[in-house]
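Trainee: Please find the sequence and the predicted model below.
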Amino acid sequence: MSKRKTGVLATYEHVDTTIDAIRALKKDGRKDMTVITPVPNHDIADELSDTPSPVRLCTFVGGLMGGILGFSLCAFTSLDWPLITNGKEILSIPPFMVITFECTVLIGGLTNLVAMLFFSGLPDANPATGFDPRLSADRFGIWVPCGPADAEKVAATLRGAGAEEVRIDAA
């Protein structure tokens, strides 16, 4: 049985008040929060993300390793079974580029998928308990996981930022 998460859920009617609440939480030193929106919003995404995603670095390293592995596969295969064709060199680079490219794309793409799932926290076996069906229709929500001791302080911060409703879910 999964352990229930505790925290505070605040609902907002407008994007501006939601962004003000995110800023207020950051000012109080809270970085761990989940914002639930009915539609994608770039202003909220920009406010939440401080650092660039490490997924692109993982993809680059995976692609580089795939290219090295693809080229090595071709080179060692040609050296192990040397077939001299029309007087060409055994290690001829142009024919190796097709396999090198394909391995770069394959390993880079798989690394991208695994890194994206890892850094986004998917699959989440223990989802947040704070959800309201209105958040799928016309309201914005901020779920802040915290202990029962901090819940009132977080709730006061969210109310001060213009929350329409604040619900404390404490186990």
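Mentor: Cool, the structure landed.

Trainee: In contact with the most centrally placed residue in the chain, which residues?
Mentor: Nearest to the centroid of the C-alpha atoms of the chain, with distances taken as Cα atoms, centre = their mean, sits residue 120, at 2.9 Å. For residue 120, the contact set (Cβ atoms under 8 Å, 6 or more residues apart in numbering) is empty. Quick note: C-beta positions are derived from backbone N, CA and C, even for glycine.

Trainee: Domain boundaries for this protein, per the record?
Mentor: Following automatic domain parsing, one gets these domains for the chain: 7-50+127-169, 55-119.

Trainee: tell me the most buried of the ones you listed?
Mentor: domain 7-50+127-169 (a mean of 16; mean count of other Cβ atoms under 10 Å).

Trainee: Tell me how far that domain lies from the chain's centre.
Mentor: With Cα atoms, centre = their mean, to the nearest Å as the basis, domain 7-50+127-169 stands 19 Å off its chain's centre.

Trainee: first vs last residue of that domain, how far apart are they?
Mentor: 5 Å (Cα to Cα, to the nearest Å).

Trainee: now do stretch 132-141
Mentor: OK, stretch 132-141 end separation, Cα to Cα: 8 Å.

Trainee: Just the strands from the chain, written as ranges.
Mentor: Secondary structure of the chain (DSSP state E): strands at 7-12, 34-36, 140-145, 165-169.

Trainee: gap between residue 141 and residue 25?
Mentor: Per Cβ to Cβ, to the nearest Å, residue 141 is found 13 Å from residue 25.
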